[in-house]
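*Asks:* Compute the structure for the input listed below.
(2 chains)
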Amino acid sequence: DGGITQSPKYLFRKEGQNVTLSCEQNLNHDAMYWYRQDPGQGLRLIYYSQIVNDFQKGDIAEGYSVSREKKESFPLTVTSAQKNPTAFYLCASSIGAGGGETQYFGPGTRLLVL
Amino acid sequence: ELKVEQNPLFLSMQEGKNYTIYCNYSTTSDRLYWYRQDPGKSLESLFVLLSNGAVKQEGRLMASLDTKARLSTLHITAAVHDLSATYFCAVDGSYGGATNKLIFGTGTLLAVQP
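*Replies:* Below you'll find the model as predicted:
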């Protein structure tokens, strides 16, 4: 079955620690995205990638970093510079990034700060 | 800066009744998406509207887009309990561009009562 997988489902971060969230897709999509969702709110774009080895900052990139070394993978690192990381993180992908392309979402990772 | 507003934020309705959720956005765009999110789950794509006057229907849900009024509506006909969820609209902020960057509304929590 084609789809998007995210791991882990739950992640706990200690103060000063960097953590990495995994996102993998086997849909052969070129574009991938990371969003953050806070309780009772909509999604906000963190980073997006239109093609391998290329990515751009979204609206709330500070304290986060990404890489896109493979088409199917787009990991997100939450660094210690992100002071309020507790949120639900959603990865998405689309066939392309040319506009009008539906974004399909993974199941999400909940990040909690200890 | 593109802003997307939904109303109402919360909607409690009885089974069998009709209602409409509104999505207003602040700058020019001709690409609008509706998603559904069940509690604790990811987002499911419902509709993609890509032109002025576009109308799409699936079961008891119908979505429309008026780009001149910068308004999309999601109409619910004869609601059933299974429609209880949070509904998000999202607008492509890259009008005329090619980045597929979505700006999400804050969501409408729909609770259908028996």
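*Asks:* switch to C-alpha atoms for all contacts and neighbour counts from now on
*Replies:* Fine.
*Asks:* so how far is chain A from the nearest residue to residue B:4 once chain neighbours are set aside?
*Replies:* Of all residues not flanking residue B:4 in the chain, residue B:25 sits nearest, at 4.4 Å (Cα to Cα, 6 or more residues apart in numbering or on different chains). From residue B:25 across to chain A, the span is 14 Å (Cα to the nearest Cα, to the nearest Å).
*Asks:* Would you agree residue B:25 is in contact with residue B:7?
*Replies:* No: contact criterion Cα atoms under 8 Å: residue B:25 and residue B:7 do not qualify, at 11.6 Å.
*Asks:* Please identify which of the two sits among more neighbours.
*Replies:* Taking neighbours as other Cα atoms under 10 Å in any protein chain shown, residue B:25 and residue B:7 compare with residue B:25 leading, 24 against 17.
*Asks:* Run through the strands of chain A in chain order.
*Replies:* Ranges of strands in chain A, per DSSP state E, are A:4-7, A:10-13, A:19-25, A:31-37, A:43-51, A:54-57, A:64-66, A:76-78, A:87-94, A:104-105, A:109-113.
*Asks:* and what of chain B?
*Replies:* Under DSSP E, chain B gives strands at B:4-7, B:10-14, B:19-25, B:32-37, B:43-49, B:55-58, B:61-66, B:71-76, B:85-92, B:102-104, B:108-113.
*Asks:* relative to strand B:32-37, how tilted is the last one?
*Replies:* Which is strand B:108-113. Strand B:108-113 runs at 50 degrees relative to strand B:32-37, counting by axes from the mean of the first three to the mean of the last three Cα atoms, to 10 degrees.
*Asks:* same thing with the second one?
*Replies:* Here strand B:10-14 runs at 70 degrees with respect to strand B:32-37, directions being taken by the same axes, to 10 degrees.
*Asks:* now do the third one
*Replies:* Using the same axes, to 10 degrees, the direction of strand B:19-25 lies 130 degrees away from that of strand B:32-37.
*Asks:* how about residue 15, what does it touch?
*Replies:* Just going to use chain A. A:80, A:113-114 (Cα atoms under 8 Å, 6 or more residues apart in numbering or on different chains).
*Asks:* Chain B, not that one
*Replies:* B:78-81, B:112-114.
*Asks:* ok, now with 6 Å
*Replies:* By Cα atoms under 6 Å, 6 or more residues apart in numbering or on different chains, the contact list for residue B:15 reads B:79-80, B:112-114.
*Asks:* Grab the nearest non-local neighbour of residue B:14.
*Replies:* residue B:113 is the one closest to residue B:14 (Cα to Cα, 6+ apart), at 4.7 Å.
*Asks:* which residues touch the residue nearest to residue B:4?
*Replies:* Neighbours of residue B:25 in contact, by Cα under 6 Å, 6+ apart: B:3-4, B:70.
*Asks:* Any chance of a PyMOL selection covering the buried ones in these?
*Replies:* Selection of buried members from these for PyMOL, criterion 16 or more other Cα atoms under 10 Å in any protein chain shown:
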select buried, chain B and resi 4+70
